[in-house]
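**Q** how does the following fold in three dimensions:
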Amino acid sequence: MNKQANRGVPITSCLLLGFAVVVLAGCDSNVNSAKHGSDSSPGSSISLQVTDAAGYNDAVASQRGKVVLVDFWATWCPTCIKQFPHTVALFEQYRDRGLAVFSVSLDQPNAEPQVRTFLEKNRASFTNLLSSYKNGLAAIEAYGLPGSVPCYRVYDRTGKLRHEFGVDPRAERQFTIEDIEAAVAELL
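**A** You can find the predicted model right below:
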């Protein structure tokens, strides 16, 4: 499994900013209860489901027979926002060859309107999940991520996790979007 970090971004600054936002976000006492199930606004072609780690695992398992790319991201993460269009482009390029894509937003459940707006703007017509956890730190732990977002996972057609690309400030070489595409193409 590949564990690499993100190139071209001051990793320490992103980690500090991301974790500061996560910690502050956890201080909100008015977090809505998590809803489960599919939710789509009237007139919206984007589906967004609030779920926990078990729901995520079920969603990935339901795609056996396909290569699955998962993009863990958040609206408070500048690198995530910058790289998300690449995830959409990979889906468009490879969906006819058996690629399923999931996005998992680590925003708070009450940020659903912001998340939905972002997904609609980017035409993310694949499966979109929103973490049901009260803050990003709890979500990172629950989903077993190696660090902060962005983080990408690539599963093979049997459902086995084959590649993970996560933020690691100690890595000699940072991962690139080309690395993610190569991992997907290798399994198709």
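
**Q** buried residues in the helix or strand hosting Asp179?
**A** When elements are defined using DSSP states H and E, Asp179 is found to belong to helix 177-187. For helix 177-187, burial by neighbour count (16 or more other Cβ atoms under 10 Å) applies to Ile177, Asp179, Ile180, Glu181, Ala183, Val184, Leu187. Using the backbone N, CA and C atoms, a C-beta is placed for each residue, glycine as well.

**Q** can you show me the strands along this protein?
**A** 5-6, 38-39, 48-51, 67-73, 99-105, 127-131, 151-155, 161-165, 174-175 (DSSP state E).

**Q** mind checking the pLDDT average for the third one?
**A** For strand 48-51, the mean pLDDT works out to 96.

**Q** for stretch 152-171, same thing?
**A** Rounded mean pLDDT across stretch 152-171 is 92.

**Q** got it, and stretch 57-73?
**A** pLDDT averaged over stretch 57-73 gives 97.

**Q** which residues touch that stretch?
**A** Contacts of stretch 57-73 with the rest of the structure, by Cβ atoms under 8 Å, 6 or more residues apart in numbering, involve 51, 80-81, 83-84, 87, 90-91, 94, 98-106, 127, 129, 143, 145, 149-159, 180, 184, 187-188.

**Q** give me the most central residue, the protein.
**A** For the chain, Phe72 is the residue whose C-alpha lies nearest the centre (Cα atoms, centre = their mean; 1.7 Å).

**Q** spatially nearest residue to that residue, not counting backbone neighbours?
**A** Nearest residue to Phe72, sequence neighbours excluded (Cβ to Cβ, 6 or more residues apart in numbering): Cys151, at 4.2 Å.

**Q** what's the answer for Phe126, then?
**A** Distances taken as Cβ to Cβ, 6+ apart place Val101 nearest to Phe126, at 4.0 Å, with adjacent residues excluded.

**Q** how many residues are close by the residue nearest to Phe72?
**A** Neighbours of Cys151 under the rule other Cβ atoms under 10 Å: 25.

**Q** in stretch 47-61, what counts as buried?
**A** Residues of stretch 47-61 classed as buried by neighbour count (16+ other Cβ under 10 Å): Ser47, Leu48, Gln49, Val50, Thr51, Asp52, Ala53, Gly55, Tyr56, Ala59, Val60.

**Q** farthest-apart pair in these, please.
**A** Ser47 and Ala53 (19.3 Å; Cβ to Cβ).

**Q** who touches the helix holding Asp179?
**A** 2, 4, 67, 69, 83, 86, 90, 94, 99, 152, 154, 156-157, 162-163, 165.

**Q** from what I can see Ala111 touches Leu48, true?
**A** No: Ala111 is not in contact with Leu48 according to Cβ atoms under 8 Å; the separation is 10.9 Å.

**Q** circling back: ok, the residue nearest to Phe126 - contacts?
**A** Contacts of Val101 (Cβ under 8 Å, 6+ apart): Val68, Leu69, Val70, Asp71, Thr87, Leu90, Phe91, Arg95, Phe126, Thr127.
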